[in-house]
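Asker: requesting a structural model of the entry that follows:
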Amino acid sequence: MPYVTTQDGTEIFYKDWGPKSAQPIVFHHGWPLSADDWDSQMLFFLHRGYRVIAHDRRGHGRSSQTSSGHEMDTYAADVAALADALDLKNAVHIGHSTGGGEVAHYVARARPGRVAKAVLVGAVPPIMVKSEKNPGGLPIDVFNGLRAAFLVDRAQFFIDLPTGPFYGFNRPGAKVSQGLINNWWRQGMMGAANAHYDCIKAFSETDFTEDLKKIEVPTFVAHGTDDQIVPYDDSAPLSRKLLKNGVLKAYPGLPHGLLATHADVINPDLLAFVEGKKIEGAD
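Answerer: Numbering: from 1, shown residues only. Okay, the predicted model is just below:
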């Protein structure tokens, strides 16, 4: 299996499919998942001639289970190491949830020529936790509750989350996919408990405001309005306002895990953005 070794010796697993001469699209997964969460999008773009790449964040999936580095500065540095090793140029970086924060943090620091565009889907920026500066955020008790449930029984917690709010399967009339639930659990349990625990702080308390302000490349912000994990009102519209060259599309009634539950809806919009075409319904 292919790995990139970072400066601190961490081995980052990655997938790299398609022509090496094609424009690269790099996918950044959410917590506590892996590159496998992007299978639908990777196949979609692969079949349209793109080079598609996805990595497992350190402590997640098949990457090294490290004792440290489970914060955004190191996550972004790991992405930079991957981009350097593969010599990625003119890449589109697409991130979901925590991966959206990773994209913002990396793109704001990327070497010239590395990044062409960015996409934030159901992403955690600008900042999730409630404070005086962010009165619409979620109280710290919400994230403390995640940590508590995680410590009591990680395996059961990793069943409860996808069965309920992550995919919106707790909503009346939802079409439940047991396969998605099982695959979420499988990916989560591959990773390291310490990395997952520390990452809760990384995705909830990191302030990406300055990152968003620094990003110059075109950026597509996509978010479901029924996102029960990263509430729409305190994320997507605020990120859009901070971006110099951003476009926002709200997906009415769609959940946090819309990339899996509604790939047929969002994949064409991702393609339109990558190709520089108009995204229907975006501002």
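Asker: CA only for contacts and neighbour counts going forward, please
Answerer: Will do.
Asker: now the strands for the stretch 1-150 of the chain?
Answerer: In the stretch 1-150 of the chain, the segments counted as strands under DSSP state E, counting those that start in this stretch are 3-5, 11-17, 24-28, 51-55, 91-96, 115-121.
Asker: export those strands to TSV and tack on mean pLDDT, distance to Phe45 and mean neighbour count?
Answerer: Below are the strands of the stretch 1-150 of the chain laid out as TSV (pLDDT from 0 to 100; distance: least, CA to CA, whole Å; neighbours: other CA atoms under 10 Å):
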stretch	mean pLDDT	distance to Phe45	mean neighbour count
strand 3-5	98	22	18
strand 11-17	98	10	20
strand 24-28	98	8	26
strand 51-55	98	7	25
strand 91-96	98	12	26
strand 115-121	98	14	25
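Asker: for these, give me TSV that also has distance to Phe157.
Answerer: Listed next are these as TSV, based on distance: least, CA to CA, whole Å:
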stretch	distance to Phe157
strand 3-5	30
strand 11-17	25
strand 24-28	23
strand 51-55	24
strand 91-96	20
strand 115-121	23
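Asker: what's the closest of those strands to Asp160?
Answerer: For Asp160, the closest of the strands of the stretch 1-150 of the chain is strand 91-96, at 19.9 Å, according to CA to CA.
Asker: elements contacting that closest one?
Answerer: Here strand 91-96 touches strand 24-28, helix 98-107, strand 115-121, going by 3 or more CA pairs under 8 Å, 6 or more residues apart in numbering; DSSP states H and E.
Asker: in a markdown table, list those along with distance to Ala81.
Answerer: Output for the helices and strands packed on strand 91-96, formatted as a markdown table (distance: least, CA to CA, whole Å):
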| stretch | distance to Ala81 |
| --- | --- |
| strand 24-28 | 13 |
| helix 98-107 | 11 |
| strand 115-121 | 14 |
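Asker: out of these, which gets nearest to Pro172?
Answerer: The closest of those to Pro172 is strand 115-121. By CA to CA, the value is 23.9 Å.
Asker: partners of the closest one in the sheet?
Answerer: Sheet pairing for strand 115-121, assigned by DSSP bridges, gives strand 91-96 (parallel), strand 219-224 (parallel).
Asker: which outside residues touch the helix or strand that the last one is followed by?
Answerer: To tie it back to what came earlier, the one meant is strand 219-224. With elements assigned by DSSP states H and E, the helix or strand that comes after strand 219-224 is helix 236-242. Helix 236-242 has contacts (CA atoms under 8 Å, 6 or more residues apart in numbering) with 122-123, 125-126, 209, 212-213, 221-223, 246-248.
Asker: can you add distance to His262 and pLDDT and give the residues you listed back as CSV?
Answerer: Formatted as CSV, those follow (distance: CA to CA, whole Å; pLDDT from 0 to 100):
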residue, distance to His262, pLDDT
Gly122, 13, 98
Ala123, 16, 98
Pro125, 22, 98
Pro126, 24, 98
Thr209, 29, 98
Leu212, 27, 98
Lys213, 30, 98
Val221, 16, 98
Ala222, 13, 98
His223, 12, 98
Gly246, 23, 97
Val247, 20, 98
Leu248, 18, 98
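Asker: what's the closest of those residues to His256?
Answerer: Closest approach to His256 among these (CA to CA): Gly122, at 5.9 Å.
Asker: show me the contacts for the nearest residue to that closest one once chain neighbours are set aside.
Answerer: Spatial nearest neighbour of Gly122, excluding adjacent residues (CA to CA, 6 or more residues apart in numbering): His223 at 4.6 Å. Residues counted as contacts of His223 (CA under 8 Å, 6+ apart) are 121-123, 232, 236, 249-251, 254, 256.
Asker: again, but for Ile127
Answerer: By CA under 8 Å, 6+ apart, the neighbours of Ile127 are 134, 137, 204-209, 235.
Asker: dump these to JSON lines, plus neighbour count and distance to Ala116.
Answerer: Formatted as JSON lines, the contacts of Ile127 follow (neighbours: other CA atoms under 10 Å; distance: CA to CA, whole Å):
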{"residue": "Asn134", "neighbour count": "13", "distance to Ala116": "30"}
{"residue": "Gly137", "neighbour count": "20", "distance to Ala116": "31"}
{"residue": "Ser204", "neighbour count": "23", "distance to Ala116": "27"}
{"residue": "Glu205", "neighbour count": "19", "distance to Ala116": "28"}
{"residue": "Thr206", "neighbour count": "20", "distance to Ala116": "24"}
{"residue": "Asp207", "neighbour count": "19", "distance to Ala116": "23"}
{"residue": "Phe208", "neighbour count": "22", "distance to Ala116": "20"}
{"residue": "Thr209", "neighbour count": "17", "distance to Ala116": "20"}
{"residue": "Ser235", "neighbour count": "21", "distance to Ala116": "23"}
